[in-house]
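[1] Below are the sequence and a predicted model for it; my questions follow.
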Amino acid sequence: MQADMTGQRRKFDYIVVGLGGIGSAALYWLSRKAGADVLGIEQYELGHSNGGSQDHSRIIRMAYHDDIYTKLTPETYKAWDVIEEESGIQVVWRTGGLLLAKKGESDQIARQYADAMAANKIPYQWLSGTQLHDRYPQFQTDEKYVAVYQKDGGLVDAATGNAVHVQLARGRGASVIENCPVLRLTRNKDGLIKVTTPKGDFTCRKVVVTSGAWINHVVGSIGVHIPVYVTQEQVTYLATPNMKDYVKDKFPIWIYHSKTHDFYGMPIHGNTGAKIGVDAGGPVVTPATRSFIPDPKREQACLDLLNEILPTSVGPILYSKTCLYTMPPDRNFVIDTCKKTGFDDVLICNGAGHAYKFAGLLGKILSELALDGRTDYDIRPFTMEREALTDPDFQPVFFMGASKLPQSKKSDDLDKAKL
């Protein structure tokens, strides 16, 4: 064990850069085999609210728009089960999950999700709007609506999940350094990777970069650039007077496919408010230019939808809070090495603004790639060599399933703002 005069160990086998959802999970899964030979570095304090892995609740679901995800969804529940069993702390709640749309508007997307589940033998139910109302009277839906119900949908507590991953990793001997931004990566003469920080240099055999909106800040020093869009998103909690109707054992997570965006909502968890947000509806920013000020127009859009389909959930706004999405142009994950620039010992993972539900599994996959150089999970669709990351003219679409809409919304100004 190599340490400096202060007793700080400087040499590890594996270093994880960024300890949000995916990074904290990678730290944990690496620690299961590598123990004290793992270091996690976080540029802010653990549990901070500057990035994308925060808040009380995130959706977890079997339902997805594409087979590349649907075949992984059962495995992500298993990854969360592992830390629940080891820690004794519940992280996932299965409330049931719904996808809603209006007939003739965007019900094609709901059908796409259903088809992807059917292809992977995931059970689901197709409901009319009336059947939905009969099952959940909170929804004021009639025959103008359709819905897909999947019993395993629910929520995962992001803040708790991150903390459990880190604490279990520390219990296995892993080290964690907070408030320590990574300035650059380089290669030493002995072939090891040097990670330079304001708190000194660290060396290792493999680096796992899971730094979210700061990903290019880290891998740019080794000649890698991933075309991503960082957007400022937000969620709103409403102080519904009908709290009993929106608790986890009476109300599901839900996604509403409108013409231009997905809205999503969750039962009460972590506070007294029902939660709603607009998926990928925020402005393009950078980590330096983002604000923490919620957009009242998006708050109002959420209220308008709730007044239409869930009127009893409406109440005074408890608060809205912002976060960052970091998305490649096709809004698919990036899981790869930096081999093209000679750094096959640097692994990267970007969650594309919808990865928290997969965080435990992605951490496991990254650990397998770092430890064994391979994984049995199919990550071929997430390579850096795909068209969306190599074609500068690729047209970004962040509305998942939008290719099935007659008029996909593609924002021209997003292409100008690529980071």
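    Received it, and whenever you're ready, just let me know what you need. Numbers count the residues shown, from 1 in each chain.
[2] Helix, strand, or coil at G23?
    Judged by DSSP: H, G, I helix; E, B strand; the rest coil, the three-state class of G23 is helix.
[3] check contacts around the spatially closest residue to I379 that is not a sequence neighbour.
    In this structure, I379 finds its nearest non-sequential neighbour in I335, 4.7 Å apart by C-beta to C-beta, 6 or more residues apart in numbering. For the C-beta atoms, the positions are set from N, CA and C on the backbone; glycine is no exception. Shown in contact with I335 (C-beta atoms under 8 Å, 6 or more residues apart in numbering): L347, I348, C349, L362, I365, L366, L369, I379, F382, T383.
[4] element containing I335, please.
    According to DSSP states H and E, I335 maps onto strand 334-338.
[5] Repeat that for Y77.
    helix 73-87.
[6] Check the offset of that helix from the chain's centre.
    In terms of C-alpha atoms, centre = their mean, to the nearest Å, the centre of helix 73-87 is found 16 Å from the chain centre.
[7] Which elements pack onto the following helix or strand past it?
    Using DSSP H and E, the next helix or strand after helix 73-87 towards the C-terminus is strand 92-94. Packing partners of strand 92-94 (3 or more C-beta pairs under 8 Å, 6 or more residues apart in numbering; DSSP states H and E): helix 73-87, strand 154-156.
[8] re earlier: ok, residues contacting the helix holding Y77?
    For helix 73-87, the external contacting residues (C-beta under 8 Å, 6+ apart) are 25, 28, 60-64, 89-92, 120, 122, 152, 156, 161, 164-165, 167-168, 357-358, 360-361, 363-364, 377.
[9] Can I get that helix in CSV, CA atoms only?
    Once non-C-alpha atoms are left out, helix 73-87 reads as follows in CSV (Å, rounded to 0.1, in the frame of the first residue of the first chain):
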residue,chain,number,x,y,z
THR,A,73,-35.0,-4.2,-17.0
PRO,A,74,-35.5,-7.4,-15.1
GLU,A,75,-31.8,-7.5,-14.3
THR,A,76,-31.8,-4.0,-12.8
TYR,A,77,-34.3,-5.1,-10.1
LYS,A,78,-32.0,-7.9,-9.2
ALA,A,79,-29.1,-5.5,-8.8
TRP,A,80,-31.2,-3.4,-6.3
ASP,A,81,-32.2,-6.6,-4.5
VAL,A,82,-28.6,-7.3,-3.8
ILE,A,83,-28.0,-4.1,-1.8
GLU,A,84,-31.4,-4.3,-0.1
GLU,A,85,-30.5,-7.8,1.2
GLU,A,86,-27.0,-6.8,2.3
SER,A,87,-28.0,-3.5,3.9
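[10] pLDDT averaged over it - what is it?
    Averaging pLDDT along helix 73-87 yields 98.
[11] In that helix, which residues are buried?
    For helix 73-87, a neighbour-count test (16 or more other C-beta atoms under 10 Å) marks T73, T76, Y77, A79, W80, I83, S87 as buried.
[12] And the residues you listed, which is closest to Y256?
    T73 (20.0 Å; C-beta to C-beta).
[13] what's the spacing between that closest one and N242?
    Here the criterion is C-beta to C-beta, to the nearest Å. By it, T73 lies 31 Å from N242.
[14] Model confidence score at K410, please.
    With respect to pLDDT, K410 has a value of 39.
[15] so which of the helices and strands packed on strand 92-94 gets nearest G173?
    G173 lies closest to helix 73-87 among those, at 14.8 Å (C-beta to C-beta).
[16] How is this structure partitioned into domains?
    Listed by automatic domain parsing, the domain ranges of the chain are 14-53+159-226+331-384, 95-152+229-327.
[17] Nice, that's everything, thank you.
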